[in-house]
Structure formats: C-alpha cells, structure tokens
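Engineer: Okay, predicted coordinates and the sequence, questions at the end:
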Amino acid sequence: MELIQHILRGVHNHQEMFYIVILMIFLGIEVIGRVPSVLHTPLMSGANAIHGVVIIGAIIVMGSAQSDNYIALILGFLAVILGTLNVVGGFVVTDRMLEMFKKKK
C-alpha cells in the first residue's frame, strides 16, 4: 500500500510531464498517420538509426545508478538492448531498400 501511495505522489508531483508525454503521443500519431506509405519505410529506418541517442542515455543511466538500484539497472540494460536492436534493424531495412534500387546484372 505504501508503494502505491509513493507512485501516486510521484505522478501528482510530475503531472505536467505526464500531460506533455500524452500530448506528444497524440501529435506523433497524427504526424505519422499523414505520411504516405511510400515514404514511411525510409523515414522509419532513418529514425531508428537516430535511436542511438537512447543507447547513450541508457548507458549514462546505468553508469550513474547506485549498485543497489536494481530497477534503474534493469531498465537501463533493457534500453541498451532494445535500442541496439532498433538501430541495427534500421540499418538492415535501409540496406534492403537500397538493394532494390541497384541495377541487376
């Protein structure tokens, strides 16, 4: 019960940030929804490559976390793994798209 109260206090203290995140989600959905399907794959592969910033942030979080803060360490580790997969996937998709435009022998 004390954990729930602690979480609710944190949500109440950072209420403005939650509103901003929710508005960013709706704005992102609107922007992405209006992109033609022909441009969607090249834009997403480039955006996935930018995900390297998340990897750097996760490494910083893990490096500055205390050794007994398992939540920060686990979330940082997951962010590094998922960010790396996203970056590699972005480059793979871009490479496959570029292969489509090469002349066949």
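Structural biologist: Here it is on my side, so go on.
Engineer: residue boundaries of the helices in the chain?
Structural biologist: Per DSSP state H, the chain carries helices over the ranges 2-13, 15-33, 37-49, 52-64, 70-100.
Engineer: weakest of these by average pLDDT?
Structural biologist: For the helices of the chain, the weakest mean pLDDT is recorded on helix 37-49, namely a mean of 68.
Engineer: Mean neighbour count added to the helices of the chain, as CSV?
Structural biologist: Heads up, the C-betas are built off the backbone N, CA and C, glycines and all. Output for those, formatted as CSV (neighbours: other CB atoms under 10 Å):
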stretch, mean neighbour count
helix 2-13, 9
helix 15-33, 10
helix 37-49, 13
helix 52-64, 14
helix 70-100, 14
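Engineer: where's residue 20 relative to residue 66, distance?
Structural biologist: According to CB to CB, to the nearest Å, residue 20 and residue 66 sit 28 Å apart.
Engineer: Oops, could you answer that again for residue 11 instead?
Structural biologist: 23 Å.
Engineer: One more: residue 88?
Structural biologist: For residue 88, the distance to residue 66 - CB to CB - is 30 Å.
Engineer: do the same with residue 2
Structural biologist: 21 Å.
Engineer: just residue 91 next, same as before
Structural biologist: Counting by CB to CB - residue 91 and residue 66 are separated by 34 Å.
Engineer: again, but for residue 10
Structural biologist: Residue 10 is 18 Å from residue 66, where distance means CB to CB.
Engineer: Over to residue 82?
Structural biologist: Distance from residue 82 to residue 66, by CB to CB: 23 Å.
Engineer: Kindly report the domain assignment for the chain.
Structural biologist: 1-34, 38-100 (automatic domain parsing).
Engineer: what's the first-to-last distance across the shortest one?
Structural biologist: For domain 1-34, the first-to-last residue distance is 44 Å (CA to CA, to the nearest Å).
Engineer: Distance from the chain centre to it, please.
Structural biologist: In this view, domain 1-34 has its centroid 15 Å away from the chain centroid, taken as CA atoms, centre = their mean, to the nearest Å.
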